Each structure stands twice: as structure tokens, then as C-alpha cells.
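J.: Got a predicted structure plus its sequence, pasted below:
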Amino acid sequence: MVNFGFSIKTLAVVFAMGMATTTPVVGDDTPLGKEMDGLSGALKGLRKAESWAAKVALVQEGQVATLNSLKHLPVMFKYITDLAEKKKATADYKRLIGLTYVGLCELEMAFLAEDEDQADAAIDKLKELKKEGHRAYIEE
């Protein structure tokens, strides 16, 4: 990995979760920033959703944003000059976006099953990823 004082994995988790509120790497005006804002908005909307169907629809919005984010790379990647390092960072970014998508699919399945315990477990996994990202990002 490239040493920027934080790991690419941690940074990607923060962006994949759409929870980074201020960051020099992904801004709201970048295509990736817009996708992450879409994911974040969908997840935040779950708090107000009044039906299982509404929750499923929001998770599906988040899934679309997550998949669309694979079309883009964090801005900081343009500063990685070593091709091998850039390939590793890109692969790790895609892996983390994939893990986020899997987590969202698990959440969707829980909502479709109307299983609150399963939904809570899926949300807990997503929250742990968020905590990991925030811990590492704030330490930077």
C-alpha cells in the first residue's frame, strides 16, 4: 500500500459507507462524492422509513449508488505514481465497495424477510465498518 498516513482500506471504507462528512479526497462535486452522498442519504433515510417496503427501496437506492461508485476512484489515487501500488489500491477499493454491496444485500434480505434481528445484525456490520473508517481517518 501507499503510505499516506492512513490506509487505502480505511479510506475506502469511509467512502464506501458514505459517512465521511469532510474530506479532501472525495468532495460532493466529484462523481464518486455524489454516489457516496446517494448511499449516505439512502442509509439515513432508513431511520424515517415507515414500512418494510420503504426500507427495501432505500437499500436498493444505496446498492445502485454503491455499484455506480465502482466507475470512479477516489481523487487521491491520481497521486499514486507507482503503477503496481495503484493497481493494489484500486483492487482493495473495489473489494471494499464489494463488501459494502454485500452488506447492503444482507440488509435488503433482512427487510424482505421482515426480520428485525437480521436487519439489526446487518446494520451492526455496516456500523462496524463505519467505526473502523472513522477511527483510522480521525487518527490521520
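T.: Perfect, I can see it now.

J.: Tell me how far D92 lies from E35.
T.: 18 Å (C-beta to C-beta, to the nearest Å). In this view, the C-beta of every residue, glycine as well, is placed from N, C-alpha and C.

J.: whoops, I mixed them up, K94
T.: From K94 to E35 the distance is 14 Å (C-beta to C-beta).

J.: Also A91?
T.: A91 is 19 Å from E35, by C-beta to C-beta.

J.: Which one's more surrounded, these two?
T.: E35 (24 against 11; other C-beta atoms under 10 Å).

J.: for that one, helix, strand, or coil?
T.: Using DSSP: H, G, I helix; E, B strand; the rest coil, the structure places E35 in helix.

J.: For it, give me its contacts.
T.: Counting by C-beta atoms under 8 Å, 6 or more residues apart in numbering, E35 touches A65, T66, N68, S69, H72.

J.: closest to C105 among the residues you listed?
T.: T66 (9.8 Å; C-beta to C-beta).
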